[in-house]
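Q: missing the sequence, but the structure's below:
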């Protein structure tokens, strides 16, 4: 009986560790929105996407980025909110609330 309980507890522990490991985002860290600004549209080149300037603070650095996306993408974004993010070359990859990755072009980095 004790052996069965030990085996069940070990299985539960292994399943918990595996679930936790799958939930971890490789290389992502919490980034805080420092500012978000909707840019003026170009009347000659109208599109379904809106252009934004977004500043994100990640690991002590301030990343000033530009991105084009539908308005619904940033509906819940405001200064102070946190999202998982990581730097990938000249882009900042940010995981949105719906789990989708948003690729933002880094224009300037301040330390």
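A: That came through, no problem. In this text the structure is predicted, and so the values were computed from the model without any measurement.
Q: List the buried residues for the helix or strand where residue 51 lies?
A: Residue 51 is part of strand 50-58, with elements assigned from DSSP states H and E. Within strand 50-58, the residues that qualify as buried are 50, 52, 54, 55, 56, 57, 58, counting by 16 or more other C-beta atoms under 10 Å. To be clear about C-beta, it is placed using only N, CA and C from the backbone, and glycine gets the same treatment.
Q: Beta-bridge partners for residue 37, please?
A: residue 53 (DSSP bridges).
Q: My guess is it contacts residue 51. True?
A: No. Applying C-beta atoms under 8 Å as the test, residue 37 and residue 51 come out as separate, 9.6 Å apart.
Q: Next, count neighbours for residue 70.
A: Using other C-beta atoms under 10 Å, residue 70 is surrounded by 11 other residues.
Q: Next up, the contacts around the nearest residue to it once chain neighbours are set aside.
A: Excluding the flanking residues, the one nearest residue 70 by C-beta to C-beta, 6 or more residues apart in numbering is residue 49, at 5.8 Å. Contacts of residue 49 were listed using C-beta atoms under 8 Å, 6 or more residues apart in numbering, and they are 68, 69, 70.
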